[in-house]
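Visitor: Got a predicted structure here, sequence first:
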Amino acid sequence: MPKTKFARESATIMTEMVLPNDTNTLNNLMGGKLMHWMDVVAAIAAQKHSNRIVVTASADNISFQQPIALGNVVTLKAQVTRAFTSSMEVFIQVSADDIPANKSIVTHRAFFTFVAVDQNGRPIEIPEVIPETDEEKEHFDGALRRRQLRLVLAKRMKPEDAVELKSIFNLK
Ligand SMILES: CC(C)(COP(=O)(O)OP(=O)(O)OC[C@H]1O[C@@H](n2cnc3c(N)ncnc32)[C@H](O)[C@@H]1OP(=O)(O)O)[C@@H](O)C(=O)NCCC(=O)NCCS
């Protein structure tokens, strides 16, 4: 198992079409269906990085600001931003294309956390991430603060221990 892997090695793209069975009564994509697709694309990226079985540990806030219509083509891109000991953060970007109208919009961006586990479901060590592009470096740098925020919210970290998170609020 390599000790490091490039962020790009986990890049994953998934394309889906919004069909009648995926929609609500306004003919827009159901939120739960989109979250399912996000979970799948992010899990594949996490598997590519870790070469392990992975489980979803958390999904950061997803807001639904614009609907995705029946017949749109949804493209989900996922890539691991940073790995810690057994957990890794995955960035997901969703875009919706109305192909006949030649229109494409980015509808969602979110961060999910996955944990690599062994056959018994116990967390297991994974390679570190090497970011290369400016965007990968930005995501890598922010990942530590986001990790601290989600661990504090999950009551897995004391707020006073979230040093990097506190620093952005200028708290002592
Ligand atoms: C995620 C899970 C493996 C963590 O196991 P655990 O026994 O609590 O293990 P640990 O406390 O050692 O934590 C392991 C890693 O998970 C991370 N983690 C745990 N809970 C987390 C959360 N809510 N958000 C983000 N990361 C979390 C820890 O920070 C740790 O990361 P690190 O090794 O990189 O430092 C375990 O809680 C689990 O199996 N959950 C169910 C997963 C699942 O079924 N997902 C599908 C949802 S239905």
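Guide: Yes, it's here. Residues are numbered from 1 along each chain as shown.
Visitor: which parts of this structure sit against the ligand?
Guide: Within the chain, the positions adjacent to the ligand are 55-58, 84-87, 113, 115, 117, 121, 123, 150-151, 154, 156 by C-beta under 6 Å from any ligand atom. Every residue, glycine included, has its C-beta placed from N, CA and C.
Visitor: how many neighbours does the nearest residue to Lys3 once chain neighbours are set aside have?
Guide: Of all residues beyond its chain neighbours, the one nearest Lys3 is Pro127 (5.8 Å), with distances taken as C-beta to C-beta, 6 or more residues apart in numbering. Pro127 is flanked by 19 other residues according to other C-beta atoms under 10 Å.
Visitor: related to what we said a few turns ago, type out the ChimeraX command that picks the buried ones from the residues of the chain next to the ligand.
Guide: Here is the ChimeraX selection string for the buried members of those, based on 16 or more other C-beta atoms under 10 Å:
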select :57,58,84,86,87,113,115,117,150,151
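Visitor: Let's see which of the residues of the chain next to the ligand end up in strands.
Guide: The subset of these located in strands under the criterion DSSP state E comprises 55-58, 87, 113, 115, 117.
Visitor: in the strand or helix carrying Val94, what's buried?
Guide: When elements are assigned from DSSP states H and E, Val94 belongs to strand 87-98. Within strand 87-98, the residues that qualify as buried by neighbour count (16+ other C-beta under 10 Å) are 87-97.
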